[in-house]
Every structure is written in C-alpha cells, then in structure tokens.
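Undergrad: from the sequence below, what's the structure:
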Amino acid sequence: MRTITELNETDCVILKSNGQMLKFDDGQIVIYGQFEEAVEDLEVGEMAVLVKSLSAEQRTELIRNIQQFNS
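TA: Residues are numbered from 1 along each chain as shown. This next block holds a predicted model:
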C-alpha cells in the first residue's frame, strides 16, 4: 500500500479552479513526479501544487485516495 511517506519531494498534483485535485475518470488522483509535467497539463484556472504544500485536509484526501486504489 502506498503511503504519503513514499511520495517524493517533487511530486505534485493539479488543483482545479473549484479547489479539487485533478482525477482520472475512475476517481484516482493524478500525481505528477515532476512539477514541470504538471505545468504542461494545466488548463485555465488550474494550478500545480507540490504535495508537501497541500493543506492537511488535502493531504488526508490524497492519502485516502492512494490507499483506496492500492488496496
């Protein structure tokens, strides 16, 4: 099972204009290994955010999502 400790310092997600993290069609949060990769995928109103910069609530959501898709 993947945990937050297995994420790298450079891992990031895209926050959509509504504050939600970008997800695949199946609901899994998209985690980018490099900030530049996320920036290339940005659409209007979105921003790339390093995982370590997420709020506690967002980190909890990410951890639960990782556990859900790796169980």
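Undergrad: in three-state terms, label the residue nearest in space to the middle of the chain for me.
TA: Geometric centre of the chain, nearest residue: residue 13, 3.1 Å, by CA atoms, centre = their mean. Assigned by DSSP: H, G, I helix; E, B strand; the rest coil, the conformation of residue 13 is strand.
Undergrad: mind listing what it touches?
TA: When contacts are counted by CB atoms under 8 Å, 6 or more residues apart in numbering, residue 13 touches 21, 22, 29, 30, 31, 32, 38, 48, 49, 51, 54, 62. Heads up, the C-betas are built off the backbone N, CA and C, glycines and all.
Undergrad: now, those that are in strands?
TA: Among those, the residues falling in strands (DSSP state E) are 48, 49.
Undergrad: buried residues in the helix or strand harbouring residue 36, which are they?
TA: Assessed by DSSP states H and E, residue 36 sits inside helix 35-41. Neighbour counts over helix 35-41 (16 or more other CB atoms under 10 Å) mark residue 38 as buried.
Undergrad: likewise for stretch 59-71?
TA: 62, 65, 66.
Undergrad: now find how far off-centre that stretch is within its chain.
TA: Stretch 59-71 sits 10 Å away from the centroid of its parent chain (CA atoms, centre = their mean, to the nearest Å).
Undergrad: one step back: just the closest of the buried residues of stretch 59-71 to residue 9, please.
TA: Taking CB to CB as the measure, residue 9 sits nearest to residue 62 out of those, at 14.9 Å.
Undergrad: for that closest one, which non-adjacent residue is spatially closest?
TA: residue 29 (5.9 Å; CB to CB, 6 or more residues apart in numbering).
Undergrad: contacting residues for that neighbour?
TA: When contacts are counted by CB under 8 Å, 6+ apart, residue 29 touches 13, 21, 22, 23, 61, 62, 65, 66.
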